[in-house]
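Peer 1: I would like to see how this sequence folds:
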Amino acid sequence: MKNIKLLLVLVTLSSVTLFSCSDNNSVEKEAVVPSKSVSLRTHLSKMKINHNIHGKSATDTFTFLFPVTFSYSNGTTVTVDSNQALLNLLENETQTLYLDGVAFPFQIVVASDNSTTTVTTESGYETVLENNNIPTVNSIATQSTCFNFIYPISVINQNNQPVVINNDTELATYASTHNPINFVYPFTVLAIDSQGVTTVIVDNLYDFLNLNICN
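Peer 2: Have a look, this model is predicted:
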């Protein structure tokens with residue numbers, strides 16, 4: 001069933017790309033190479049909650065100023081020119097095929113005052129998330145009540161070297177000076193929801209962020 005779903009998503013993406021050749025108001029493919037972005041995936045996961053894709057709803061505090069170019073976890077690159085087109089892609093994401101990269105710089109529009117901000121770096125994107133009260137990877141890792149880590153886990157530091165984390169205290173200390181945390185996958189957690197506690201293997205960032213949807 002997973003293979004069938006993945007095939008359907010790929011077919012859908014291909015269909016949208018082909019359509020875009022004759023209609024610039026759709027999603028189209030371009031020869032650019034976006035950067036992998038933890039902040040993007042964090043932002044998109046919140047968007048999925050806001051727009052009821054996860055069975056919940058809220059309001060976006062900011063939106064992209066389109067067009068914006070993204071990349072999938074399999075390397076496919078797409079350019080999106082509307083919020084609805086982006087939501088359509090988010091609805092069809094899977095555990096193995098999801099948006100995880102964005103081309104910097106891009107612009108956002110803040111809902112409260114309609115102001116425009118240019119985001120040029122990953123750290124700048126992370127600051128935007130924090131300023132708009134969107135849970136970040138660091139806050140989820142250290143504050144979420146939806147799961148507990150089974151230690152030890154490993155992270156990659158700014159020098160691209162692995163660091164072993166042995167407990168919650170070490171994780172909180174590391175998170176205070178490294179933003180966002182770059183986890184080494186897979187790792188195991190105890191997921192907590194209304195049904196009880198379950199041991200879960202977390203294979204990627206997509207899985208990790210979904211852990212925070214437990215209520």
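Peer 1: and the nearest residue to residue 207 once chain neighbours are set aside, which of the three is it?
Peer 2: Nearest non-adjacent residue to residue 207, counting by C-beta to C-beta, 6 or more residues apart in numbering: residue 95, 6.4 Å away. C-beta coordinates here come from the backbone N, C-alpha and C atoms, glycine included. Here residue 95 takes the coil state, with states given by DSSP: H, G, I helix; E, B strand; the rest coil.
Peer 1: For the protein, which segments count as helices?
Peer 2: 2-20, 38-50, 83-91, 122-131, 137-143, 168-175, 205-210 (DSSP state H).
Peer 1: possible to save those helices as a markdown table with mean neighbour count?
Peer 2: Shown next, in a markdown table, are the helices of the chain (neighbours: other C-beta atoms under 10 Å):
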| stretch | mean neighbour count |
| --- | --- |
| helix 2-20 | 14 |
| helix 38-50 | 22 |
| helix 83-91 | 16 |
| helix 122-131 | 17 |
| helix 137-143 | 19 |
| helix 168-175 | 15 |
| helix 205-210 | 20 |
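Peer 1: who wins for proximity to residue 196 among those?
Peer 2: Minimum separation from residue 196 across those (C-beta to C-beta) falls at helix 205-210, 17.7 Å.
Peer 1: Just the CA trace of that closest one, in PDB.
Peer 2: Output of helix 205-210 as PDB, limited to C-alpha atoms (Å, rounded to 0.1, in the frame of the first residue of the first chain):
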ATOM      1  CA  LEU A 205      12.700  15.000  10.200                       C
ATOM      2  CA  TYR A 206       9.200  14.500   8.800                       C
ATOM      3  CA  ASP A 207       8.600  11.700  11.300                       C
ATOM      4  CA  PHE A 208      10.100  13.700  14.200                       C
ATOM      5  CA  LEU A 209       7.900  16.800  13.600                       C
ATOM      6  CA  ASN A 210       4.800  14.600  13.400                       C
END
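Peer 1: ok, and what's touching that helix?
Peer 2: The contact list for helix 205-210, computed with C-beta atoms under 8 Å, 6 or more residues apart in numbering, reads 38, 41-42, 45, 73, 93, 95, 98, 100, 137, 140, 183, 185, 200, 202.
Peer 1: again, only using 10 Å
Peer 2: Here helix 205-210 makes contact (C-beta atoms under 10 Å, 6 or more residues apart in numbering) with 36-38, 40-42, 44-46, 48, 54, 73, 93-100, 135, 137, 140-141, 144, 146-147, 180-183, 185-187, 189, 191, 200-202.
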